[in-house]
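> Any chance you can model this:
(2 chains)
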Number of protein chains: 2
Amino acid sequence: MLKLHYAPNSRAERVLWLLEELELPYELNSMPFHPEALKSDEHRKRHPLGRIPVLEDGDVSIYESGAIIDYVLEKHKNGGLKPSVDSPEYPYYLQWFHFCEGMIAQPMNTIVVHTILLPPERRDETVLGQAQRLASKSLTAIETALDGKEYLVGDFSGVEFMTGHCCTKLSDLGCVTDEMPNLKAYVERIKARPAFQKAISTT
Amino acid sequence: MLKLHYAPNSRAERVLWLLEELELPYELNSMPFHPEALKSDEHRKRHPLGRIPVLEDGDVSIYESGAIIDYVLEKHKNGGLKPSVDSPEYPYYLQWFHFCEGMIAQPMNTIVVHTILLPPERRDETVLGQAQRLASKSLTAIETALDGKEYLVGDFSGVEFMTGHCCTKLSDLGCVTDEMPNLKAYVERIKARPAFQKAISTT
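Have a look, this model is predicted:
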């Protein structure tokens, strides 16, 4: 059985959402998002830097949320929720799948650090402002791509677990504004999915 | 014909290296790594934030280096330089492919900003030190993974254009130390490849 090493409010939510969406059986090892658990010798054997998610599947044990999502779709859904290589949507599936870690994750991390994680006296308004502007530009690109569409690629695809998940987090951080009506509706559409709700309420 | 929008010393090198390695015919639009070119109206039509690489292939125009590399391997090399889905190497191919943007790119960018891009009076030693320590931990994970191997996955794979390319850049930034003999040899092995040399010497 698939075993997901997980902590709430982290990239591991992406994988939990996927497993719920695909209705795959899985075992969950939920850990607190705290160094004592994540940096333990036991967890460092799974991920040398003590990060989550990690997915075990028999003898296989891998990390990186993008890799895990692609692995599960290929191995356990026969390439489902991905356009085929000869589909006109295929290149844009890849583009939006990688856009998440390539363009959004870095400013999102910075916003979290300078609004939540650091004590107020160590937060840097200049660094925060730069990250918010970059996040806003990336979100505007998504706003445009969503024009006339319910999801970024096709009816619903693997992209949602990456870039879509990031959009819900940036919305929670106040970065999705009234000037982004397509994106607001997209975030609401994702948040209404029962599998997503199950994932984000799992502790 | 494939058309690559490129700037030297950027993520676009990854794609140029790939095209050279696969001996695919291509047209190159080389731009200076400068806002005047990258933020022009013309280039913003290709990438809304004015980034490179962008690849055109007939009616297709996509960005994100990871997406472009996967697209080229699937469309123009019939899945070459990738293990098949049922190979034991497949999950680790995905893991190391995504490790690049997921773990290494963010501290690498910070190191470049605080050692090269910012004027000396605006560089922050604390921020730089954190990024260097995180990069070192990620490189140590690669050092371990390379034990007894010439390349991260198989004889040579798509992973090299992502995580391998990052390793060469971090080596140039002084982050690959004598305590990482496997990684040093790996970087030298990549740098000795004629296709890599052609890519990094193209302006």
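> Could you point out the longest helix of chain A?
Ordering each helix of chain A by length in residues (DSSP state H) puts helix A:125-145 first.
> Identify all contacting residues around the lowest-mean-pLDDT helix or strand in chain A.
The element with the least model confidence among the helices and strands of chain A, by mean pLDDT, DSSP states H and E, is helix A:35-38, at a mean of 91. Defining contact as CB atoms under 8 Å, 6 or more residues apart in numbering or on different chains, one finds that helix A:35-38 is touched by A:Ala7, A:Met31, A:His43, A:Gly50, A:Arg51, A:Ile52. C-beta coordinates here come from the backbone N, C-alpha and C atoms, glycine included.
> Most neighbours of all these, which one?
Counting neighbours by other CB atoms under 10 Å in any protein chain shown, A:Ile52 comes out on top of those with 25 neighbours.
> how about the residue nearest to it when sequence neighbours are not counted, what does it touch?
Counting by CB to CB, 6 or more residues apart in numbering or on different chains, A:Ile52 lies nearest to A:Ala12, which is 4.5 Å off, once chain neighbours are set aside. The contact partners of A:Ala12, by CB under 8 Å, 6+ apart, come to A:Leu4, A:His5, A:Tyr6, A:Ile52, A:Pro53, A:Ser65.
> so how many other residues sit close to the second one?
When counting by other CB under 10 Å, one arrives at 24 neighbours for A:His5.
> Give me the pLDDT value at the residue nearest to A:Ile52.
Predicted confidence (pLDDT) at A:Ala12: the value is 97.
> Could you chop chain A up by domain?
A:2-80, A:90-193 (automatic domain parsing).
> Around chain B, which positions in chain A sit nearby?
Near chain B, the residues belonging to chain A are A:48-49, A:51, A:57, A:60, A:62-68, A:70-71, A:74-75, A:85, A:90-92, A:94-95, A:97-99, A:101-103, A:105-106, A:109, A:137-138, A:140-141, A:144 when assessed by CB under 8 Å from any CB of the partner chain.
> Of those residues, which belong to helices?
Per DSSP H, the residues of chain A next to chain B map to helices at A:65-68, A:70-71, A:74-75, A:90-92, A:94-95, A:97-99, A:105-106, A:109, A:137-138, A:140-141, A:144.
> Can you tell me how far the residue nearest to A:Ile52 is from chain B?
As judged by CB to the nearest CB, to the nearest Å, A:Ala12 and chain B stand 13 Å apart.
> Among the residues of chain A next to chain B, name the buried ones.
Burial by neighbour count, judged by 16 or more other CB atoms under 10 Å in any protein chain shown, picks out A:48, A:51, A:57, A:62-68, A:70-71, A:74-75, A:85, A:90-92, A:94-95, A:97-99, A:101-103, A:105-106, A:138, A:140-141 from these.
> Roughly how far does the residue of chain A positioned farthest from its centre sit from chain B?
Summary for chain A: using CA atoms, centre = their mean, the residue whose C-alpha lies farthest from the chain's mean C-alpha position is A:Glu121, with a distance of 29.5 Å. Distance check for A:Glu121 against chain B: by CB to the nearest CB, it reads 14 Å.
> Got phi/psi on that residue?
Geometry field for A:Glu121 lists phi and psi as phi -70, psi -20, criterion degrees, to the nearest 10.
> got it, and A:Leu2?
The phi and psi torsions at A:Leu2 (degrees, to the nearest 10) take the values phi -70, psi 140.
> ok, it touching A:Glu56?
Yes. In this structure A:Leu2 lies within contact range of A:Glu56 using CB atoms under 8 Å: 7.1 Å.
> how far does stretch A:117-131 sit from the chain's center?
How far stretch A:117-131 lies from its chain's middle: 23 Å, per CA atoms, centre = their mean, to the nearest Å.
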